[in-house]
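Asker: Have a look at this fold, sequence not included:
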Ligand SMILES: Nc1ncnc2c1ncn2[C@@H]1O[C@H](COP(=O)(O)OP(=O)(O)OP(=O)(O)O)[C@@H](O)[C@H]1O
Ligand SMILES: O=P(O)(O)OC[C@H]1O[C@H](OP(=O)(O)OP(=O)(O)O)[C@H](O)[C@@H]1O
């Protein structure tokens, strides 16, 4: 791998397509078959970039360790991971929010230490500590809405986008917690050693994000 390329950690999955579109609108000439394979490293030397395709939750880890110079990560992941990276730009893509939900029959005053299921144990723990409520957190890796239905948890903390998953599983939202969008993140050392390349990328992205707002 050539060392002078800017390494960009991209989240696979939901955010990927929107992030790719943003990069293209920012003037990066990315191959049409960019996302058509199982390759995890894609070099685009003509744009001076190398992309590494990671699980969304892992993007800040790659950037923190400096194996990626920059990356794209959801605000949810940034809060949960607490990595030593700079969050330099709100890309305003993949918007959703974090919420507390439960079965409609659930009585919030009932339990001393209610069980809260979530994929985000740290975010959940911080939130309830700030609320002054003692809770027991049950970490799950997905299908969070299942937990209250089968009696594993009293409430859940999860991402809501359209609200369809809550609705189809008969859950109701109790509290809206945090609005989420994807962020452009930078490794602090890279920000010094590759300042020109990174500043240019931030400027170009900021330009299209700004334009997007007025459409
Ligand atoms: N409806 C949504 N559900 C989950 N994440 C969403 C949603 N809308 C936007 N996002 C953003 O997408 C990111 C998650 O992407 P994605 O669901 O592809 O990955 P994942 O959670 O690792 O999924 P999986 O474990 O199913 O592979 C979140 O960090 C969040 O910022
Ligand atoms: O409000 P909605 O538009 O329905 O989106 C929210 C749902 O999408 C995500 O789940 P995902 O599809 O990533 O599956 P998972 O439960 O396995 O994480 C999230 O965890 C919610 O369950």
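Answerer: Thanks, I have it. The shown structure was predicted, so the numbers you read here are calculated from the model rather than taken from an experiment. Ligands and ions are numbered 1, 2, ... in the order given.
Asker: For the protein, just list every one of the strands.
Answerer: Shown for the chain, the strands assigned by DSSP state E span residues 6-11, 41-44, 49-54, 70-74, 86-90, 96-102, 115-118, 136-139, 155-160, 172-180, 182-186.
Asker: Neighbours of residue 56, how many?
Answerer: Neighbour count for residue 56, taken as other Cβ atoms under 10 Å: 20. Where C-beta positions appear, they are placed from N, C-alpha and C, glycine not excepted.
Asker: you'd agree it is up against residue 13?
Answerer: Yes: applying Cβ atoms under 8 Å, one finds residue 56 in contact with residue 13, separated by 5.8 Å.
Asker: Need the pLDDT of the nearest residue to residue 103 once chain neighbours are set aside.
Answerer: By the measure of Cβ to Cβ, 6 or more residues apart in numbering, the closest residue to residue 103 outside its immediate chain neighbours is residue 148, 5.2 Å from it. The per-residue pLDDT reported for residue 148 equals 98.
Asker: just checking, residue 28 touches residue 46?
Answerer: No: if you go by Cβ under 8 Å, residue 28 and residue 46 don't touch, sitting 9.6 Å apart.
Asker: what sits up against whichever helix in the chain runs longest?
Answerer: Assignment by DSSP state H gives helix 195-214 as the longest helix of the chain. Residues from elsewhere that reach helix 195-214 (Cβ atoms under 8 Å, 6 or more residues apart in numbering): 6, 22-23, 25-28, 48, 69-70, 88-92, 184, 186, 190-191.
Asker: Could you do stretch 169-176 as well?
Answerer: Contacts to stretch 169-176, defined as Cβ under 8 Å, 6+ apart, come from residues 97-104, 106, 108, 145-146, 148-149, 155-156, 160, 163, 166.
Asker: If we go by neighbour counts, what in it is buried?
Answerer: Buried residues in stretch 169-176, counted by 16 or more other Cβ atoms under 10 Å: 169, 171.
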